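K.L.:
Fold the following, please.
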Amino acid sequence: MPIQTLDDLAVQGTTLGVRIDINSPLTDSGELADDARLLAHVDTLSELLERGGKVAILAHQGRPGSDDFAGLGAHAERLDELLSFPVSYCDATFSADARRAVSNLNEGEAVLLENTRFYSEEYMEFPAEQAAQTHLVDRLVPVLDAYVNDAFAAAHRSQPSLVGFPTRLPGYAGRVMEREVDVLGDIESTPRPRTYVVGGAKVSDSIAVAKNVLERDLADHVLTAGVVGNVFLFADGADLGDASADFIHDEGYWDYIDDAAELLDTYSDRIHLPKDAAVERDGERVELTREEFPPNEDEGAMDVGDATITAYSEILRDSGTVILNGPAGVFEDDTFATGTREMYTAAANAEFSIVGGGDTAAAIRKFDLGGFDHVSTGGGACLRMLTGDELPALQALSQ
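P.N.:
Numbering: from 1, shown residues only. Predicted structure coming up:
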């Protein structure tokens with residue numbers, strides 16, 4: 001869909017509302033535990049400030065009721081350190097104080113407004129036209145000249161700060177948004193064979209991705225792992241034991257076993273299942289082949305085993321394009337990090353490699369892996385693009 005970018009924006013002297021996604025892990029004391037998402041937006045913010053813009057930054061942190069639902073003071077301090085331009089903080093979002101802070105900006109200055117989700121309507125989703133009439137948008141529009149959306153990681157949401165502003169102001173995509181759309185929206189042109197790794201625990205989204213790319217003949221191989229792989233194993237008749245079955249049932253994924261079975265019936269030549277699984281037994285990693293299933297009653301499948309790693313790594317190394325989305329196991333535990341680390345290392349050697357956001361990017365940082373061509377900032381948004389779904393924030397910009 002056609003969207004305007006910063007190349008189309010006359011920045012000098014304009015006051016810009018810039019939506020970014022800096023939702024980050026926090027320490028127990030409320031400090032930033034990881035600044036990766038802030039670093040992602042440095043290019044966009046630096047460019048706007050260097051070109052003489054006056055920048056009012058909008059962002060969220062956590063969600064109501066969660067431990068990481070917090071103000072953005074620490075984020076403002078870190079942005080001030082990362083940018084060569086002054087970044088102040090305002091502990092209001094659209095009040096008179098917030099509007100005054102925006103109006104008082106000089107060229108080359110930025111202010112980070114308070115967590116948009118402190119405002120109840122921001123945690124709801126609306127059609128763009130209705131979002132444009134919310135208090136957040138209505139109060140800030142008079143002090144803004146244009147709107148820039150760089151928050152790809154939240155682009156699958158239809159919240160006021162994401163879809164309301166471009167209904168009433170000229171809207172532009174920031175550099176993060178532009179790169180994500182250019183890469184993820186042009187998968188068809190990437191080299192083949194094309195391999196998708198669907199892992200982790202986002203079962204419904206992963207099955208939707210697999211279905212979409214197989215039906216559209218975008219995938220030569222779909223490698224399943226993690227909880228997704230376990231669902232496909234159950235669909236194929238494997239018995240992973242009570243612990244894995246209970247987890248899948250308790251998380252609400254049991255009904256997706258039928259969906260996985262339908263995909264296997266149609267695309268068994270392109271869908272690859274784990275050949276073995278690693279469980280924890282007496283505090284140690286023990287690998288079981290499918291012939292040795294089921295594990296003991298309290299042993300859940302925590303990672304893929306060596307046979308799967310070898311088979312998957314060979315496919316990944318021989319791929320023209322690899323799209324990674326989701327880890328192979330509980331990579332946060334070093335005992336069960338092997339599958340994720342080895343598969344990702346092999347994927348980095350493909351001709352062209354794309355990393356989906358969320359846990360996948362976190363695993364890459366944990367293992368200090370490099371060599372990937374594109375690391376997406378968004379998990380849910382990335383999956384939506386890969387399934388061909390429209391992203392509300394992009395729709396709003398295109399209008």
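
K.L.:
so residue 114 makes contact with residue 90?
P.N.:
Yes - taking Cβ atoms under 8 Å as the definition, residue 114 is a contact partner of residue 90 at 6.5 Å. All C-beta atoms are positioned from the backbone trio N, CA, C, and that covers glycine.

K.L.:
Of those two, which one has the most company?
P.N.:
The neighbour count for residue 114 versus residue 90, taken as other Cβ atoms under 10 Å, is higher for residue 114 (24 against 21).

K.L.:
Quick check: closest non-adjacent residue to the more buried one.
P.N.:
Nearest residue to residue 114 in three dimensions, chain neighbours excluded: residue 93, at 4.7 Å (Cβ to Cβ, 6 or more residues apart in numbering).

K.L.:
what helix or strand does residue 43 sit in?
P.N.:
helix 42-50 (DSSP states H and E).

K.L.:
Tell me the buried residues in that helix?
P.N.:
By neighbour count on 16 or more other Cβ atoms under 10 Å, the buried set for helix 42-50 is 42, 44, 45, 48, 49.

K.L.:
From the contact counts, what lies against that helix?
P.N.:
strand 15-19, strand 54-58, helix 175-184 (3 or more Cβ pairs under 8 Å, 6 or more residues apart in numbering; DSSP states H and E).

K.L.:
Next, count neighbours for residue 146.
P.N.:
Counted with other Cβ under 10 Å, residue 146 comes out at 20.

K.L.:
was I right about it contacting residue 170?
P.N.:
Yes - assessed by Cβ under 8 Å, residue 146 is found in contact with residue 170 at 4.6 Å.

K.L.:
Contact partners for the closest residue to residue 297 other than its chain neighbours?
P.N.:
In this structure, residue 297 finds its nearest non-sequential neighbour in residue 242, 5.1 Å apart by Cβ to Cβ, 6+ apart. Residues counted as contacts of residue 242 (Cβ atoms under 8 Å, 6 or more residues apart in numbering) are 294, 297, 298.

K.L.:
Quick check: helices, which of the residues you listed are part of them?
P.N.:
Among the contacts of residue 242, none falls in helices (DSSP state H).

K.L.:
Which members of the residues you listed are classed as buried?
P.N.:
Among those, the ones that count as buried (16+ other Cβ under 10 Å) are residue 294.

K.L.:
Closest to residue 121 out of the contacts of residue 242?
P.N.:
residue 298 (45.6 Å; Cβ to Cβ).

K.L.:
Next, the contact list for that closest one, please.
P.N.:
242, 243.

K.L.:
What of residue 125?
P.N.:
Neighbours of residue 125 in contact, by Cβ under 8 Å, 6+ apart: 157, 158, 159, 392.
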